[in-house]
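Novice: Got a predicted structure plus its sequence, pasted below:
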Amino acid sequence: MDSNIILGCENLTKRFESTLALHKVTAGVRKGEILGLVGENGAGKSTLVKVLAGELRPDSGSIVFRGKTVRWESSNEALREGIGMVHQRPLLVPEMTGLQNLFLGKEYARRGLLDEVAATEASRRLIEKYPMYPDMDLTKTPKEMSAGEKEILAILRVLSYDPEVLILDEPTASLPRQETATLIEMIKKLNVERGVSIIFISHKLEEAFGLCDRIMVLRNGKYVGDLMREEFKRERVIRLMIEEDISLFYPPKTEEVGPVTLEVTNLRAPGVNNVSLEAHAGEIVGMYGLIGAGMSEVLESVFGLNRITGGSIKLKGEELCLPSVSVMKRKKVYLIPSDRHQLSLFRNFNVMENMTIAHLASLLPETIIDSAKEHKLATNQANKMTVKCSSVSQAISELSGGNQQKLVVARWLMEDVDILMVDDPTVGIDIGAKRDIYLLLRELTRMGKTVILISSEISEILGMSDRIYCMKHGRITGVLTGDQMTQENVLRHIL
């Protein structure tokens, strides 16, 4: 193994019953390096880092740390030795304050009682040492914090152990763009100024390209290659991940469109300034802009979630006097919001309940819900939409991010839809699940349906859209079609 590798493994194999999660993987992160780890869901990324961090034990193979073979008894032992890991969903106690979470497991005590003064002083020194968020309010509980604050709190907790290696499992998956940019800068500083080696798992390839020194690809539990910074190309990485031609990644676009199905004229609402747009049957209309540009507000206003103060909305030529969610549902217009965890999924419901919740009155109109009928409807839809689950009785929390997102799409396609509005539908999911959703959206247009797509990824907007509306400060700044749809033209209109 390379003498510069600070943490790595040789011929690592791990099984979960009949599933081979890792097969003879040899890899590692070098001293002072930011290593990107990418692959589809099920590729073995999380399993690999959990083994390296002591959360799982390998079936065979070895772990090498600082040039010596080690065998971790627990993640706490690995953490004390200098390997810290932050999970995709920070492991925080919701009812405790940020300060209590920060030193959970190594509390400051005096005469048998918690010493809050000492803990507060220690937190001040820690934040001063790692100025990731100097104004962080540690009196708040995680329930009161933003997604970015919770992520930073979890990272600070690990950094309190002064790790030599920091493993970050999709740290930006649930963050808005501004908090993502802030966190990325913090990771860079941590690496450059403190020399911490970092393993960074992400489904966002552009993000990994901008941050990492090297990218390693796993596929089906096997190491398939790595690329240095000068070799980074989206097409090449995706080819390694899925072993298919990138030209097949986005489905073919619409050649002919039908009549106008949605016409918005001079729409005014909170965050929306005189927006006019139209969408046709059989096309995907893309909307793109910087965070806060107003794309989400437009769709929310059309769907009846925001109070409209001016302008008009027509569906198939019929003007709507007062759009509302109930009216839009009757008109077969649906909205899938961006934050699936906060706005779409019911955490305590299983797959079936999450899927049928929006259609109980129409699909199951009986006074008492027919459980057998509900189970059959949900099972058929899960199979049709390739939602991978052991059964529709499985807890929603046990599904991967990609399958959770496919479930949300499946929910709104249980009944006929004419216009589907989707806000960042592939955020935080793997390449394979993205491709499945792309195929679903394009299949809708082949059936003559209308799709309006917001995305935070410019490559996705360019690859999926038949037309693109660019936005800035709540206004439409350009409409691009055909050969006009280039990254340069999009950026020119939104910056």
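Specialist: Nice, thanks for sending it over.

Novice: any idea how far Lys434 is from Leu211?
Specialist: Going from Lys434 to Leu211 by CB to CB, to the nearest Å gives 20 Å. C-beta: built from backbone N, CA, C; applies to glycine.

Novice: cool, and Glu374?
Specialist: Distance, Glu374 to Leu211, by CB to CB: 45 Å.

Novice: In this protein, what helix or strand scores lowest on average pLDDT?
Specialist: helix 340-343 (a mean of 70; mean pLDDT, DSSP states H and E).

Novice: can you list contacts of stretch 122-133?
Specialist: Stretch 122-133 has contacts (CB atoms under 8 Å, 6 or more residues apart in numbering) with 99, 102-103, 108, 134, 136, 138, 149, 152, 155-156, 159-160, 182, 186, 189-190, 194.

Novice: Sketch out the low-pLDDT regions of the stretch 151-300 of the chain for me.
Specialist: Along the stretch 151-300 of the chain, segments meeting pLDDT under 70 span 174, 176, 243-248.

Novice: All the strands of it, in order from the start?
Specialist: Using DSSP state E, counting those that start in this stretch, the strands of the stretch 151-300 of the chain run over 165-169, 197-201, 214-219, 222-228, 260-269, 272-280, 284-288.

Novice: Any chance of JSON lines for those strands, columns distance to Leu20?
Specialist: Output for the strands of the stretch 151-300 of the chain, formatted as JSON lines (distance: least, CB to CB, whole Å):
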{"stretch": "strand 165-169", "distance to Leu20": "21"}
{"stretch": "strand 197-201", "distance to Leu20": "20"}
{"stretch": "strand 214-219", "distance to Leu20": "12"}
{"stretch": "strand 222-228", "distance to Leu20": "9"}
{"stretch": "strand 260-269", "distance to Leu20": "47"}
{"stretch": "strand 272-280", "distance to Leu20": "46"}
{"stretch": "strand 284-288", "distance to Leu20": "38"}
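
Novice: who wins for proximity to Ile308 among the ones you listed?
Specialist: strand 260-269 (4.9 Å; CB to CB).

Novice: next one: the longest helix anywhere in the chain to chain centre, how far?
Specialist: Ordering each helix of the chain by length in residues (DSSP state H) puts helix 177-194 first. Distance of helix 177-194 from its chain centroid, counting by CA atoms, centre = their mean, to the nearest Å, is 18 Å.

Novice: Spit out the contact partners of the residue nearest the centre of the chain.
Specialist: Geometric centre of the chain, nearest residue: Gly428, 1.5 Å, by CA atoms, centre = their mean. Each residue near Gly428 by CB under 8 Å, 6+ apart is listed here: Glu170, Ala173, Ser174, His203, Gly401.

Novice: Output stretch 272-291 in CSV, but only the C-alpha positions, please.
Specialist: Extracted in CSV, the C-alpha atoms of stretch 272-291 (Å, rounded to 0.1, in the frame of the first residue of the first chain):
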residue,chain,number,x,y,z
VAL,A,272,-42.8,36.6,-7.8
ASN,A,273,-42.7,39.8,-10.0
ASN,A,274,-44.8,39.9,-13.2
VAL,A,275,-43.9,36.4,-14.3
SER,A,276,-45.3,35.1,-17.6
LEU,A,277,-44.7,31.6,-18.9
GLU,A,278,-46.4,28.8,-20.8
ALA,A,279,-46.1,25.1,-21.0
HIS,A,280,-47.3,22.7,-23.6
ALA,A,281,-48.6,19.1,-23.6
GLY,A,282,-45.7,16.7,-24.2
GLU,A,283,-42.8,18.9,-23.0
ILE,A,284,-40.6,19.4,-20.0
VAL,A,285,-40.2,23.1,-19.2
GLY,A,286,-37.1,23.8,-17.1
MET,A,287,-36.8,26.7,-14.6
TYR,A,288,-33.4,27.7,-13.4
GLY,A,289,-31.9,30.5,-11.2
LEU,A,290,-29.8,31.1,-8.1
ILE,A,291,-31.3,30.3,-4.7
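
Novice: And that stretch, what's buried?
Specialist: Neighbour counts using 16 or more other CB atoms under 10 Å place 272-273, 275, 277-290 of stretch 272-291 among the buried residues.

Novice: so where's the stretch 1-150 of the chain shaky on pLDDT?
Specialist: For the stretch 1-150 of the chain, applying pLDDT under 70 flags the ranges 1, 41.

Novice: And the strands in it?
Specialist: Using DSSP E, counting those that start in this stretch, strands in the stretch 1-150 of the chain cover 5-16, 19-30, 34-38, 60-65, 68-70, 83-86, 109-110, 113-114.

Novice: Quick one: list the elements packing against the second one.
Specialist: Read that as strand 19-30. strand 5-16, helix 45-52, strand 60-65, strand 197-201, strand 214-219, strand 222-228 (3 or more CB pairs under 8 Å, 6 or more residues apart in numbering; DSSP states H and E).

Novice: Buried residues of that strand, list them for me.
Specialist: Ala21, Leu22, His23, Val25, Ala27, Gly28, Val29, Arg30.

Novice: got those as a markdown table, with distance to Arg234 columns?
Specialist: Listed next are the buried residues of strand 19-30 as a markdown table, based on distance: CB to CB, whole Å:
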| residue | distance to Arg234 |
| --- | --- |
| Ala21 | 26 |
| Leu22 | 26 |
| His23 | 26 |
| Val25 | 24 |
| Ala27 | 22 |
| Gly28 | 25 |
| Val29 | 23 |
| Arg30 | 24 |
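
Novice: Just the pLDDT for the nearest residue to Trp412 once chain neighbours are set aside.
Specialist: Spatial nearest neighbour of Trp412, excluding adjacent residues (CB to CB, 6 or more residues apart in numbering): Tyr334 at 4.3 Å. Model confidence at Tyr334, given as pLDDT, is 93.

Novice: where does Val417 land in three-state SS?
Specialist: The local conformation at Val417, judged by DSSP: H, G, I helix; E, B strand; the rest coil, is coil.

Novice: again with the one 5 residues further on
Specialist: Recorded secondary structure, Val422: strand (three-state DSSP).

Novice: From the rest of the structure, what touches stretch 312-327?
Specialist: 259-267, 301-305, 308, 331, 333, 418-419.

Novice: Revised request: answer the last question for stretch 161-168.
Specialist: Stretch 161-168 is contacted from outside by 6-7, 29, 49, 52-53, 79-80, 82-86, 155, 158-159, 187, 190, 196-201, using CB under 8 Å, 6+ apart.

Novice: Among the residues you listed, name the buried ones.
Specialist: Using 16+ other CB under 10 Å as the burial test, those include 6-7, 29, 49, 52-53, 79, 82-86, 155, 158-159, 187, 190, 196-201 as buried.

Novice: start to end distance for stretch 103-118?
Specialist: Distance between the two ends of stretch 103-118: 11 Å, counting by CA to CA, to the nearest Å.

Novice: How far away from the center of its chain is it?
Specialist: Put simply, stretch 103-118 sits 36 Å off its chain's centre (CA atoms, centre = their mean).

Novice: for stretch 208-219, same thing?
Specialist: Taking the mean of its C-alpha atoms, stretch 208-219 sits 17 Å from the chain's own mean (CA atoms, centre = their mean).
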